[in-house]
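Next comes the sequence, and after it the predicted model I'd like to discuss.
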Amino acid sequence: MKVFEFKDYKKYLNHWMKEQPKAGRGQLKKMADHLRVSTTLISQVLRNEKHFSLETGAEITSYLGLNEKETEYFLLMMEHQRAGGFKLKNILIKKLEREQIAGSQLQNRLHKDRQLNEAEKMQFYSSWMYSAVRILSALPEMNTAKSISERLRIPLTIANSIIQFLLENNLCVLKNNKLTYGPHRTHIGKDSPYVVKHHQNWRIQGFSSMEQRRDEDLFFTQPMAVSIEAAEKIRLMLPGIIEQINNIAMPSESEVVRCINIDWFEY
């Protein structure tokens, strides 16, 4: 949440531009199209010649994918810089400083020595996106909200919100201002009230992937009639197969992401 490191929204925007791929080349046009304003106006604002309106500022926060707290802080920076009178500026700068401290404390609040509580587990397993974002962060090129939102085809605001949750709970961490996989584990046992939702989340993603028919994917379904002895043998084989997969996957480098779903049930 680098926005809390600034008190000047124009300096923040200039910094944001420089951090984009190709040092922000092409971003003026993209932002102008989103805001429905001219690139000239944006350039004038960034050069400190003009101000954006607060309405335009609200649209900018959407374009940047800021979460609720970040949005409020960004608009407060704008209010402070747009204020004309000394008294109003003084009131707003004090409020800005309080929010800056609060935002920085929130950013650094990591739960290093405990497991997720029930409310946090409920949130984490409510959607496949929490696991997906976390696992993607292990890939070197997936270290920003923008790269992850584009890969998963989800809104940037949602990606930012999920990343904030993961950071607060040490499921992801920031290293040199780049997102990466955190130390906490999220394994849930078969008796957990969230395990069914977890299975459903990723099976639904499997259904979606079937429609893409990629050569590297593999889907196999085979209802069968077998002897009791054969059914028991197959059931006993599966944990060993899962262990073999984990023994290959766990020590390997994080270069790609994949999902495997295994079901064996009586009908």
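Sure thing, it's come through.

Next one, pLDDT for Ala145 please.
Ala145 is assigned 90 on the pLDDT scale.

Please verify my assumption that it contacts Ile158.
No. Counting by C-beta atoms under 8 Å, Ile158 is not a contact partner of Ala145; they are 9.4 Å apart. (Glycine included, C-beta is placed from N, CA and C.)

So these two - more neighbours on which side?
For Ala145 versus Ile158, neighbours defined as other C-beta atoms under 10 Å are more numerous around Ala145 (23 against 17).

those helices in the stretch 1-150 of the chain, which residues are they?
Here the stretch 1-150 of the chain has its helices, by DSSP state H, counting those that start in this stretch, at 9-19, 27-35, 39-46, 54-64, 68-82, 86-107, 118-124, 128-136, 145-152.

I'd like these laid out as JSON lines, including distance to Tyr194.
Converted to JSON lines, those look like this (distance: least, C-beta to C-beta, whole Å):
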{"stretch": "helix 9-19", "distance to Tyr194": "36"}
{"stretch": "helix 27-35", "distance to Tyr194": "37"}
{"stretch": "helix 39-46", "distance to Tyr194": "45"}
{"stretch": "helix 54-64", "distance to Tyr194": "31"}
{"stretch": "helix 68-82", "distance to Tyr194": "25"}
{"stretch": "helix 86-107", "distance to Tyr194": "26"}
{"stretch": "helix 118-124", "distance to Tyr194": "6"}
{"stretch": "helix 128-136", "distance to Tyr194": "11"}
{"stretch": "helix 145-152", "distance to Tyr194": "21"}
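
looking at those helices, which is closest to Ile248?
When these are compared by C-beta to C-beta, helix 128-136 sits nearest Ile248, at 16.3 Å.

Can I get the closest one as PDB, trimmed to CA atoms?
Coordinates of each C-alpha in helix 128-136 appear next as PDB, following Å, rounded to 0.1, in the frame of the first residue of the first chain:
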ATOM      1  CA  TRP A 128     -11.000 -20.000  -5.200                       C
ATOM      2  CA  MET A 129      -9.300 -16.600  -5.800                       C
ATOM      3  CA  TYR A 130      -7.600 -16.400  -2.400                       C
ATOM      4  CA  SER A 131      -5.700 -19.700  -3.000                       C
ATOM      5  CA  ALA A 132      -5.100 -18.800  -6.600                       C
ATOM      6  CA  VAL A 133      -3.600 -15.400  -5.800                       C
ATOM      7  CA  ARG A 134      -1.500 -16.800  -3.000                       C
ATOM      8  CA  ILE A 135      -0.100 -19.600  -5.200                       C
ATOM      9  CA  LEU A 136       0.500 -17.300  -8.100                       C
END
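
And that helix, what does it pack against?
Helices and strands touching helix 128-136, as assessed by 3 or more C-beta pairs under 8 Å, 6 or more residues apart in numbering; DSSP states H and E, comprise helix 118-124, helix 145-152, helix 156-168, helix 195-210.

Tell me which residues of the lowest-mean-pLDDT helix or strand in the chain come out buried.
Lowest on mean pLDDT, DSSP states H and E among the helices and strands of the chain sits helix 86-107, with a mean of 82. By 16 or more other C-beta atoms under 10 Å, the buried positions in helix 86-107 come out as 89, 92-93, 96, 99-100, 103, 107.
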